[in-house]
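> Pasting a predicted model and its sequence here:
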Amino acid sequence: MMDGTNLPRAPLVGAPTSLRVFFIELTDPLEALAVLGARGPSWHWFLAVLPGLLLVALLGRFFCGWVCPYLPLLAMTLSIRWVFARLGKPLPDLQIDRSVGKWLAVSLTVASVISGAMLVPMVYPPALIGREVFRVVFYGAVSAGVLSLAAIVLFDTFVSRAGFCRSVCPGGATFSVIGSLSPLRITRDVAKCTDCTVCDVVCNLGQKPMTDKVDGGCERCGKCIASCPTKALSWSLSTPSALRRKESKP
Amino acid sequence: MNRRALIGAIASSALLSAAVSRGAKQAKIRPPGALPKGAFERACIGCFRCAEVCPTSCIRFGSVFSAEQTLPSLDLDERACILCMECTQVCPTGALREIPKDRHRIASEVRMGTPRLNKTTCLPWSNRGVCRLCFHVCPYPEQAITLVGPQKAPHFYAESCVGCGLCQEACPDDVKAIIIEPMES
């Protein structure tokens, strides 16, 4: 090894929060931010963060809607909630202000810099799931991380529908802020819309497409478009929500 | 509503800091190229890429709810580091500085720990036998370790030792005379 012979360079290395595809680094912006606070900027840091940032600025909060490994667990919580609803005992849906996630992103980052310990990877579901799956595959064991995940799953099942994703997840909040720069939007054809509210109801993240109130919190999952009975909703490329007037926010 | 959110966020962050910091005081051996203690913990995001590419799986992550849960460390009693430097090639944040696969660069830049020899249990030092295993597995014989005296007992040079732990892994289980200790901060 030390004589310079190289192991074959794997095309794919890493985790949900830190992936290298060939030579492109995709690092979670929130975790990268905590590192920036500790070590200061460098070209190395910049190259590791830029690809991911560009993707989110282009496609919005798509990680939450398409990539996040929590999605199967979220689907499970939604299925359980559906069963309870069908049994005539719907579970509560506590509405938590979406600023919680944003404040958590800030305070966890600041607390990490002060305490010298990385706090975001300890509570951020993609980091937790990635690490626990790695542990199971490589060492055949789990750790305390599954308890944190279980708490989040129980919360999303019994307290608030997709509440963690919608209002608490600091990573999701970070993606929302950056994603509000995205030109990829949901538009409504007013002529076809019958105000049936199905789109508002199916949205897991509390967006309001029926009244055109869709902001950076939209994960571009397309559920609203798929559920519209008159095909009034569709994708479009237009002014990012960050550059629109305040009145258009849900 | 916003103020409650802010207070809740600050409170939970403070609580998490306190919970995580407890029980993390025991010094650990970090993978090669690691930043000094303090800086390393601030730069590592726990992505486990280093452990993923490690060919001997000697890089481990803590399992108890503490800061160690997201930090890689080596248990040299289990497996030693073969100095392939793959881990240093994949770290996205520079918590493990990239070190080329060159034996001279490795010798000068890698310092994972310092050797501590127990001469009462070491077979040649305690005149109970012949061994020399540590010398033969050491990647830097005659630099980090020499054999001295008629009994050919090992003598370690801490300033040249990279701390890979191959000597510790090789030393027979019922002897375990050589241990690599984590670097003092």
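That came in fine, so what should we check first? All of these numbers come straight from a predicted model, not from anything done at the bench.
> ok, now how distant is the nearest residue to A:Leu237 once chain neighbours are set aside from chain B?
Leaving aside its sequence neighbours, A:Leu237 sits nearest to A:Pro183 (Cβ to Cβ, 6 or more residues apart in numbering or on different chains; 4.8 Å). Backbone N, C-alpha and C define where each C-beta goes, glycine included. Distance, A:Pro183 to chain B, by Cβ to the nearest Cβ, to the nearest Å: 28 Å.
> and the closest residue to B:Leu76 other than its chain neighbours, what does it touch?
Using Cβ to Cβ, 6+ apart and skipping the chain neighbours, the partner closest in space to B:Leu76 is B:Gly165 (3.2 Å). The contact partners of B:Gly165, by Cβ atoms under 8 Å, 6 or more residues apart in numbering or on different chains, come to B:Ile29, B:Leu74, B:Leu76, B:Ala80, B:Cys81, B:Met112, B:Gly113, B:Ile180.
> what about 7 Å?
Neighbour list for B:Gly165: B:Leu74, B:Leu76, B:Ala80, B:Cys81, B:Ile180 [criterion: Cβ atoms under 7 Å, 6 or more residues apart in numbering or on different chains].
> Lowest-confidence entry in the residues you listed?
Within those, pLDDT reaches its minimum at B:Leu76, with 91.
> who touches that residue in this structure?
Residues in contact with B:Leu76 (Cβ under 7 Å, 6+ apart) are B:Ile29, B:Gly165, B:Gln168, B:Glu169, B:Ile180.
> So, low pLDDT: which residues of chain B?
B:1, B:23-25, B:185 (pLDDT under 70).
> downstream neighbour of the host helix or strand of A:Thr77 in the secondary structure list?
Element membership for A:Thr77, per DSSP states H and E: helix A:71-86. Using DSSP H and E, the next helix or strand after helix A:71-86 towards the C-terminus is helix A:99-115.
> buried set for that following helix?
Buried positions in helix A:99-115, judged by neighbour count with 16 or more other Cβ atoms under 10 Å in any protein chain shown: A:99-109, A:111-113, A:115.
> Closest one of the residues you listed to A:Trp235?
Taking Cβ to Cβ as the measure, A:Trp235 lies nearest A:Gly101 of those, at 25.2 Å.
> And for that closest one, nearest residue in space, chain neighbours not counted?
A:Gly101 sits nearest to A:Ala173 (Cβ to Cβ, 6+ apart), 3.2 Å away.
> So which residues of the chain form strands?
Chain wasn't specified; assuming chain A. For chain A, the strands defined by DSSP state E cover A:12-15, A:18-21, A:24-27, A:184-188, A:233-237.
> wrong chain, I was asking about chain B
Here chain B has its strands, by DSSP E, at B:59-61, B:72-74, B:113-117, B:145-148, B:153-156, B:178-182.
> out of the ones you listed, deepest packed?
Mean neighbour count (mean count of other Cβ atoms under 10 Å in any protein chain shown) peaks for strand B:72-74 among the strands of chain B, with a mean of 25.
> That one near chain A at all?
No: residues of strand B:72-74 are not located near chain A by Cβ under 7 Å from any Cβ of the partner chain, the shortest gap being 10.8 Å.
> contacts for that strand?
By Cβ under 7 Å, 6+ apart, the residues outside strand B:72-74 that reach it are B:28-31, B:50-51, B:58-61, B:81, B:112, B:165.
> Identify each buried residue in stretch B:55-70, please.
By neighbour count on 16+ other Cβ under 10 Å, the buried set for stretch B:55-70 is B:Cys58, B:Ile59, B:Arg60, B:Phe61, B:Gly62, B:Ser63, B:Phe65, B:Ser66, B:Ala67, B:Glu68, B:Gln69, B:Thr70.
> about what we covered before: might you report the residue contacts of the residue nearest to A:Leu237?
Going by Cβ under 7 Å, 6+ apart, A:Pro183 touches A:Leu237, A:Ser238, A:Pro240.
> ok, now with 10 Å
Applying Cβ atoms under 10 Å, 6 or more residues apart in numbering or on different chains to A:Pro183 gives the contacts A:Ala57, A:Leu58, A:Leu59, A:Gly60, A:Ser236, A:Leu237, A:Ser238, A:Thr239, A:Pro240, A:Ser241, A:Leu243.
> Please report the distance of it from A:Trp235.
Distance, A:Pro183 to A:Trp235, by Cβ to Cβ, to the nearest Å: 11 Å.
> any idea of the angle the worst-scoring helix or strand of chain A on mean pLDDT forms with helix A:99-115?
Between all helices and strands in chain A, the lowest mean by mean pLDDT, DSSP states H and E belongs to helix A:29-39, at a mean of 82. Angle, helix A:29-39 to helix A:99-115, by axes from the mean of the first three to the mean of the last three Cα atoms, to 10 degrees: 30 degrees.
> how close does the residue nearest to A:Leu237 sit to B:Lys176?
Distance of A:Pro183 to B:Lys176, computed by Cβ to Cβ: 63 Å.
> again with B:Cys58
Taken as Cβ to Cβ, the span from B:Cys58 to B:Lys176 is 17 Å.
> which one of the contacts of A:Pro183 has the most neighbours?
Within the contacts of A:Pro183, most neighbours by other Cβ atoms under 10 Å in any protein chain shown means A:Gly60, with 29 neighbours.
> Just checking the distance from stretch A:29-47 to the centre of its chain.
Put simply, stretch A:29-47 sits 20 Å off its chain's centre (Cα atoms, centre = their mean, to the nearest Å).
> Now for residue 51: which residues touch it?
Just going to use chain A. In this structure, A:Pro51 makes contact with A:Leu19, A:Val21, A:Ile24, A:Glu25, A:Leu26, A:Thr27, judged by Cβ under 10 Å, 6+ apart.
> that answer is for a different chain, and I need it for chain B
Shown in contact with B:Ala51 (Cβ under 10 Å, 6+ apart): A:131, A:134-135, A:138-139, B:31, B:57-61, B:72-73, B:87, B:90.
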